[in-house]
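Q: kindly return the folded structure for what I paste below:
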Amino acid sequence: MNKKKILLLSLFIFLFLAGTVSLFFAYKVVFSNNISQHHPDYLYIKTGSTYNQVLDLLVEKKVIQNIKTFQWVSKWKKYPQRVKSGRYAIKSTMSNNELVNTLRSGNQAAVDFTFNNIRTKEQFVQRVSQQLEIDSNELLNLLNNSDFLVPYHQTAETVLTLFIPNTYKIWWNTSSDEFIKKMYREYERFWTKDRREKAADINLSPVEISILASIVEEENYRTDEQARIAGVYINRLKKGIPLQADPTVKFALQNFALKRLLYADLEIDSPYNTYKYAGLPPGPVRIPSPTCIDNVLNYEHHNYIFMCAKEDFSGYHNFAVTASQHTANAAKYHHALNTNQIKR
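A: All right, here's what the predicted structure looks like:
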């Protein structure tokens, strides 16, 4: 074999081996695992983030082992021009290719958004902002904007009745107004024809039922007494008797820890003071649970007009038909308060 042929053959072998090595390297860069051992379960990319900010986030959260190979694949797949915000699940087996495909497609993992035991709008927006990207002040402004709430048949006073405690699948980067639209759809789904008909039979709207349920649940979170408590308040509403519900006074005072109300407390001039003003207060004193709403809709039919906390501090109540019976029950409870030196 002459020298020219040997040279050409050597060049061919070199190019073949170089190409094979390059292909192997490219394959490894694209398809080999590049996730760090101590990676987070989710990567949160904020709305408006740039590609460089995503790179900084990947390093800061220790998502990947080699940022250079991720950059190589990102540029090859044009990810720098397709950054999408969201919450992305990070799997330990991911390659650069899988991670880039997930991020650039916006293939998010939904948040299991949940809430309960909420008394005020401030508490609610804080709970939301802890689970979603939503800014608490922005959401609070919408909840206080009665003009914005008109399509949802709510006011700034009643708006918390729009939110039905449950667990909902929601995108982490959902905007404030989209969040409210989502909650309204869930509200409409909850208020079925059957529930609306039961509310109409009580001569109350769904919003009013929720306001009443909020008072009932504050009286006793235990579900086995709620239908009876609801019956007391419905009897008073039908007879035009002020509700005289302690939870509404505590709400007016914004002091939910009070165990004993004084006569001076009952004088507070607030539309939430149901000792001063007849009927339901203008809004809920908490976000009631679906179970409590149903207990109000299926309230117990009885003749009780009065109720007073039991003297054993069990959280349950003594019920009465007459004022004299109620006075006796109240005396037992106040005696227990004095005995245990409970002043507030």
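
Q: for the chain, what are the low-confidence residue spans?
A: 1-31 (pLDDT under 70).

Q: how does it divide up, domain by domain?
A: Using automatic domain parsing, the domain ranges for the chain come out as 21-105, 111-190, 193-339.

Q: distance from the chain centre to the shortest one, please.
A: Relative to the mean C-alpha coordinate of its chain, domain 111-190 is positioned 7 Å out (Cα atoms, centre = their mean, to the nearest Å).

Q: got it, and the last one?
A: Centroid separation between domain 193-339 and its chain, computed with Cα atoms, centre = their mean, is 25 Å.

Q: let me see the ranges of the strands in the stretch 51-200 of the chain.
A: 86-89, 111-114, 167-170 (DSSP state E, counting those that start in this stretch).

Q: which of those sits most buried?
A: strand 86-89 (a mean of 19; mean count of other Cβ atoms under 10 Å). The way it works is simple: take the backbone N, C-alpha and C, and place the C-beta from them, glycine included.

Q: partners of that strand in the sheet?
A: strand 42-45 (antiparallel) (DSSP bridges).

Q: now could you export just the CA positions of the strand it pairs with as CSV?
A: Extracted C-alpha coordinates of strand 42-45, given in CSV (Å, rounded to 0.1, in the frame of the first residue of the first chain):
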residue,chain,number,x,y,z
TYR,A,42,-39.8,21.2,42.8
LEU,A,43,-38.3,24.2,41.0
TYR,A,44,-40.3,27.4,41.2
ILE,A,45,-39.7,29.9,38.3
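
Q: may I see the buried residues of it?
A: Under the neighbour-count criterion of 16 or more other Cβ atoms under 10 Å, strand 42-45 has 42-43, 45 buried.

Q: now render the strands of the stretch 51-200 of the chain as CSV, adding distance to W72.
A: Formatted as CSV, the strands of the stretch 51-200 of the chain follow (distance: least, Cβ to Cβ, whole Å):
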stretch, distance to W72
strand 86-89, 20
strand 111-114, 32
strand 167-170, 35
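
Q: so which of these is nearest A257?
A: strand 111-114 (24.5 Å; Cβ to Cβ).

Q: neighbouring strands of the closest one in the sheet, and parallel or not?
A: In the sheet, strand 111-114 lines up with strand 167-170 (antiparallel) (DSSP bridges).
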